[in-house]
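S.K.: build me a structure from this.
(one chain, ligands or ions: 1)
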Amino acid sequence: MNKILLIEDSPMFSRALSSGITQELTTKVDCAYTLSEASALLAANHEYFVILADLTLPDATESDILDEVLQWHIPVIAMATGFSEEKRDDLLDRGVLDYVIKGTKTSFHYVINLLHRLFLNRFISVLVVEDTFNSMPFVTRQLRHWQLIVHEAATGADALAILGKHPEIKLVLTDYHTQGMNGTDLIKSLREKRSKEDLAIIGISAINEKSLAARFIKYGANDFLTKPFAPEELLCRVNQNLEQLELLTKLREMTYRDYLTQLFNRRYLFEKVEKQFHAAKSAGQQVTLCVMDIDHFKRINDAYGSHSGDTILRTIAALFAKHFPDFITFRLGGEEFGLIAFNTSFELTLNRIEQFRTSLKNTPMDLGHPVYVTASFGITDELTDKLDDMVQAADRLLYLAKQQGRDQVCSNTDTD
Ligand SMILES: Nc1nc2c(ncn2[C@@H]2O[C@H](COP(=O)(O)OP(=O)(O)OP(=O)(O)O)[C@@H](O)[C@H]2O)c(=O)[nH]1
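M.R.: Sure thing, here's the model as predicted:
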């Protein structure tokens, strides 16, 4: 269900657009140059996710094109050569998802962004809290049309219950006039549970409720809309809010990743894994922590330069993560890495570390010519009060491995 049907009679535009879509969205595009080709493809394949339809084709009128593509109940994006209010109204009334004015410099990017948004929307849940004036079916219909997963609540209490049951909901649209609880009270209750960075809320007010928009924002809404609004305005606001949340999630993820290797960093270890560590301890689970340090890394930097040193750090990080996909792998800093394994036998983990040590020393690092490196390891399963104490214990064992000649694993069972 990821394929796109592109109906466009200009081979040049068709080629440029389909290759742009394939590159940006890694999805397949079927190209039709006439309406009859498009009809044949549609009849043979009902799995299209979206249809991009040029409204000027050699073998059909605009109306015929729309009749044909809209009958399949697949979202349609129309590509028109010019814009007029009547045309826009007609296209939206007939059920076209959106329209793009062809030939402008930005139209190409607009289509790609639109498709990207539609792809993502299929996995995003939103909640619409229905107002007493019944304008929400329009909102719900539009959002579903835009491929979002839409939940509906009739009252404020319903909304809270649905949110409790569906923590994956990312956006709430609420009118002020909800039954049993007004919109601002609902927002207040929602904010006690979910932050602005985690759940976007758009309040909807009527044109004669001038101060309400400001109150919505004060109570914790991210945005507001004033009725009546055009479908485009609704969708722009929804998209903008979802994009902001996605950006924040990305930023948050970045703060937990090491910039060079993309492994988790120290901050992730002590903010996120620490909690898992205490939970595992309380549940009586086995916890194994291992630190690894590349041997004589300074010599590598000195011999080949720090750029090559970085390449080796990235390569080793990738090998390490690939070898232990079931464990949490991280970079502690410099040339020191680590892993933590929950609920796994210590002996098995130890064996896998030994295997990794051997495989690493036999793997050529590609610096234009092969370079071989070794690493030393400290591993412990002795539980401590804090995670940091366990890291330090593993570090002491690592130091021992270095002292004993490097390229080896020292475990707490060796010193028992
Ligand atoms: N290229 C590169 N080098 C780094 C990075 N972080 C730390 N280093 C270098 O890693 C080297 C670590 O050197 P040492 O602490 O003396 O350890 P070593 O040479 O690996 O020796 P042993 O650990 O005793 O085997 C230093 O030269 C640091 O500059 C990095 O992000 N990139």
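
S.K.: and stretch 179-186, how far out from the chain's middle?
M.R.: 31 Å (C-alpha atoms, centre = their mean, to the nearest Å).

S.K.: make 15 the first number, not 1, from now on.
M.R.: Yes, from this point I'll number from 15; that puts the last item at stretch 193-200.

S.K.: tell me the secondary structure at Glu82.
M.R.: The three-state assignment at Glu82 reads helix, by DSSP: H, G, I helix; E, B strand; the rest coil.

S.K.: now the closest residue to Ser28 other than its chain neighbours: how far from Gln369?
M.R.: Using C-beta to C-beta, 6 or more residues apart in numbering and skipping the chain neighbours, the partner closest in space to Ser28 is Glu22 (4.2 Å). Using the backbone N, CA and C atoms, a C-beta is placed for each residue, glycine as well. Distance from Glu22 to Gln369, counting by C-beta to C-beta, to the nearest Å: 54 Å.

S.K.: neighbour count: the two, which is higher?
M.R.: Glu22 (23 against 11; other C-beta atoms under 10 Å).

S.K.: ok, the more buried one touching Leu31?
M.R.: Yes: the pair Glu22 / Leu31 is scored as a contact, 6.9 Å apart, by C-beta atoms under 8 Å.

S.K.: spit out the contact partners of the residue of the stretch 215-364 of the chain found nearest the ligand.
M.R.: Here the stretch 215-364 of the chain gets closest to the ligand at one residue, Gly323, 2.6 Å apart by C-beta to the nearest ligand atom. By C-beta atoms under 8 Å, 6 or more residues apart in numbering, Gly323 lies in contact with 311, 314-315.

S.K.: mind checking the SS state of Gln37?
M.R.: helix.

S.K.: just the helices in the stretch 15-164 of the chain please.
M.R.: Here the stretch 15-164 of the chain has its helices, by DSSP state H, counting those that start in this stretch, at 25-39, 49-58, 76-84, 99-108, 121-135, 150-159.

S.K.: between the first one and helix 121-135, how many degrees?
M.R.: What separates the directions of helix 25-39 and helix 121-135 is an angle of 40 degrees, with axes from the mean of the first three to the mean of the last three C-alpha atoms, to 10 degrees.

S.K.: ok, residues contacting helix 25-39?
M.R.: For helix 25-39, contacts defined as C-beta under 8 Å, 6+ apart pick out 18, 20, 22, 41-43, 45, 47, 66, 116, 122, 125-126, 129-130, 133.

S.K.: run the last query once more with 10 Å
M.R.: With contacts defined as C-beta atoms under 10 Å, 6 or more residues apart in numbering, helix 25-39 is touched by 16, 18, 20-22, 24, 41-47, 66, 68, 93, 116-117, 121-123, 125-127, 129-130, 132-133.
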